[in-house]
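> From the sequence below, what's the structure:
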Amino acid sequence: MAGAQTSEVDSVLKGFLSDFPTVIGYVVLNSDGIPVKHHEQMPYWRAVMYAALLSDYVNNCKKCLRELLSGPPESELANIRIRTKEGTEIICVTVTEYTFIVIQNCTGKPWVQDPEEGGATEGGS
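Next comes the predicted model:
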C-alpha cells in the first residue's frame, strides 16, 4: 500500500473500530496471504498465525463452493463466519486482492487482553 492509500486505509479502519466496539482484532491480508495491516493490540506473530491458517481455509471454502454450486460467477464466496465456544466470532471477507479478517467479542462482557499470550479472557478473569 502506497503512502496516500495507507493514510486512507488507516482512517477507514479507525472509523470501523469506532463504529463496531465489539471488534477486538483484525488482520488485512494481500492476495499472497501476507498480513499487510493488523490491529495495534494484536501481536504480529498472532496476525501471521491468523493469516496462515485462515487464508488456506478461505481458499478451500471458495474451491468447495465452486465445485458444489458450479453456477454463475455471482455465486462466489462472500464471507465466512466462525463462532467459537468462548464467545468470539471470526469473520473473513475477501474483496478484490485483499482479505479482511475480523475477530469480534460476542459475549457482551468486556474483553481483557492477556499481554503475555496475546490471547484474551472475557470479563477480565
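
> make it CA atoms for all contacts and neighbour counts henceforth
Will do.

> tally of neighbours for Gly15?
Per other CA atoms under 10 Å, the neighbour tally for Gly15 reads 11.

> what do you get for Glu40?
When neighbours are counted by other CA under 10 Å, Glu40 registers 10.

> Could I get the full set of helices for the chain?
Remark: helices assigned in the chain by DSSP state H are 3-19, 44-69.

> Nearest to Thr94 among the ones you listed would be which one?
For the helices of the chain, the distance to Thr94 is smallest for helix 44-69, at 8.6 Å, taking CA to CA.

> per-residue confidence averaged over the closest one?
The pLDDT scores in helix 44-69 average 90.

> so how far is Leu29 from the residue nearest in space to the middle of the chain?
With distances taken as CA atoms, centre = their mean, the residue of the chain nearest its centroid is Ile101 (1.2 Å). Per CA to CA, to the nearest Å, Ile101 is found 8 Å from Leu29.

> same check, this time on Ala52
Noted for Ala52: a distance of 10 Å to Leu29, by CA to CA.
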